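> Got a predicted model here, sequence first, then my questions.
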Amino acid sequence: MSEQDCLFCGIVAGSVPAEIVYEDATVIGFRDIAPQAPTHVLVIPRHHITNAAEVEAGDGHVLEAMVLAAQSVAAAEGIAAPDRGFRLVMNVGPDALNSVPHLHLHILGGRAMTWPPG
Ligand code: AMP
């Protein structure tokens, strides 16, 4: 898939609407269109990476930015640990039901989670 065809590249470019809740030079965070928890935010790199299986040596700064963004979003949403807590998920490939081929970190919180996930 080219970046022109990528839904989340469209959100980065501003051509696809999204409720953006976090931005920095490396990543953006926006609300999932079909939330699975009271807080459901996706953090994505501005630069196209297909999924976690395609992360390469040298991409460490991207993963760092994604986790720091998740900390910031969790604090802003009132779900930060240690008092509350949240789940971070990266789906990779068809068995994990990965539906959008642009790396994204799900931040899910605001309710008690169950384990194992389905
Ligand atoms: P995954 O199944 O891990 O690939 O997650 C993709 C996520 O993107 C799903 O939770 C979708 O609900 C979400 N999603 C798809 N299209 C949009 C969109 N236009 N804006 C926000 N979230 C979206």
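On my side now, so go ahead.

> Any residue of the helix or strand hosting A69 touching the ligand?
Using DSSP states H and E, A69 falls within helix 60-77. No: using C-beta under 6 Å from any ligand atom, helix 60-77 never reaches the ligand; the gap is at least 13.6 Å. Every residue, glycine included, has its C-beta placed from N, CA and C.

> For that helix, give the mean pLDDT please.
Helix 60-77 shows a mean pLDDT of 98.

> Name the residues of it that are buried.
Neighbour-count burial for helix 60-77, counted by 16 or more other C-beta atoms under 10 Å, picks out 62-63, 65-66, 69-70, 72-74, 77.

> now swap in stretch 12-23 and tell me
Buried-residue list, stretch 12-23, by 16+ other C-beta under 10 Å: 12, 18, 21-22.

> now for the longest strand along the chain, which elements pack on it?
Ranked by number of residues, the top strand in the chain under DSSP state E is strand 39-45. Judged by 3 or more C-beta pairs under 8 Å, 6 or more residues apart in numbering; DSSP states H and E, strand 39-45 is in contact with helix 7-13, strand 20-23, strand 27-31, helix 60-77, strand 105-109.

> can you list these in TSV and add distance to P117?
Formatted as TSV, these follow (distance: least, C-beta to C-beta, whole Å):
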stretch	distance to P117
helix 7-13	22
strand 20-23	23
strand 27-31	20
helix 60-77	17
strand 105-109	10
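
> closest one to E54 among the ones you listed?
Smallest distance to E54 across those (C-beta to C-beta): 11.3 Å, for helix 60-77.
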